[in-house]
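K.L.:
Here is the input, now give the coordinates:
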Amino acid sequence: MALLEVSNVSKQFGGLAAVSNVDFHVNQGEIVSIIGPNGAGKTTIFNLLTGVYDVTEGKIVFDGKEIQNKKVQHIVNAGIARTFQNIRLFKNMRTIENVMVGFHQNTRYNIFDLIFRTPRFRKYEKEAHIKALEVLHSLGFEKYIHTYAGNLPYGEQRKLEIARAIATGAKLLLLDEPAAGMNPQESEELLEFILGLKDQGFTIILIEHDMSVVMNISDRIYVLDHGKMIADGLPEEIASNQMVIEAYLGKSEDDAAD
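P.N.:
The predicted model follows:
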């Protein structure tokens, strides 16, 4: 059974169709990549999945429940979390404090508790601290627990952003260009990190331009072009798909003349 099913989803901005009649699914425990040229509609898909944009038409079902046009907080609570192409860490806070922010979306104390540091506040902060330690240890971040986020190596900042997403209680992680700006060694380490998340039971959707990462990490790949799904399949099938090659490189003069 699919953890996520996207059926006939379209998004229009005025008269412009950003995505049109898109269908795809993601099974529990899979790593699925969505690729395509710039402007193909990939980030729009993420924004629809996370409630940033309302769906114009179609249905999104996550874990058996429809989530299209729900508020962002509702979708986070349902178990979907994302990272962004541009890192959005609190760089003047320690690593553990950044991860604790993820747990705070389920905070059960109020502003009074926060201001006066009530027993309830201290109880939930202690719980968040313990859970954050557990997440960091599970991801091999022990040596960085008290390091300020802004002092982490670039690749570790990317991993920390994923750790914070995990702290929300996510079942499905949406990773937007996680390898952006990385050198080959950092990309290889990230690939191993994401495969480790799969081994821990997470389901992952990846938007990524680094094809070496995509081809080596994906169970299946979907390809968007001009807002429409033009191909899907295993990595080796996508690599040899003529429509995909043309979407990225354009048609040859001989093809264009036909």
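K.L.:
I'd assumed residue 175 was in contact with residue 206.
P.N.:
Yes - at 5.0 Å, residue 206 counts as touching residue 175 under the criterion of CB atoms under 8 Å. Placement of C-beta: from N, CA and C, glycine included.
K.L.:
Please enumerate the shared neighbours of those two.
P.N.:
residue 194 (CB atoms under 8 Å, 6 or more residues apart in numbering).
K.L.:
Look at these two and report which has more neighbours.
P.N.:
Each of residue 206 and residue 175 has its neighbours counted (other CB atoms under 10 Å); residue 175 has more, 26 against 23.
K.L.:
So residue 230: helix, strand or coil?
P.N.:
strand (DSSP: H, G, I helix; E, B strand; the rest coil).
K.L.:
Backbone dihedrals for the residue positioned nearest the centre of the chain, please?
P.N.:
Against the mean C-alpha coordinate of the chain, by CA atoms, centre = their mean, the closest residue is residue 174 at 1.5 Å. Phi and psi for residue 174, reported as degrees, to the nearest 10, are phi -110, psi 110.
K.L.:
change the start of the numbering to 268 and stick with it
P.N.:
OK, 268 is where the count begins now, so the last one is residue 441.
K.L.:
do you know how far the closest residue to it other than its chain neighbours is from residue 402?
P.N.:
Of all residues not flanking residue 441 in the chain, residue 349 sits nearest, at 3.8 Å (CB to CB, 6 or more residues apart in numbering). Distance, residue 349 to residue 402, by CB to CB, to the nearest Å: 17 Å.
K.L.:
Compare these two (neighbour count), which wins?
P.N.:
residue 349 (24 against 18).
K.L.:
Just confirm residue 271 is within a helix.
P.N.:
No - applying three-state DSSP, one finds residue 271 to be strand, outside a helix.
K.L.:
need the contact list for it.
P.N.:
Taking CB under 8 Å, 6+ apart as the definition, contacts of residue 271 comprise 292-293, 316, 327-330, 439, 470, 472.
K.L.:
what are the bridge partners for it, then?
P.N.:
Bridge pairing for residue 271 (DSSP bridges) gives the partners residue 293, residue 329.
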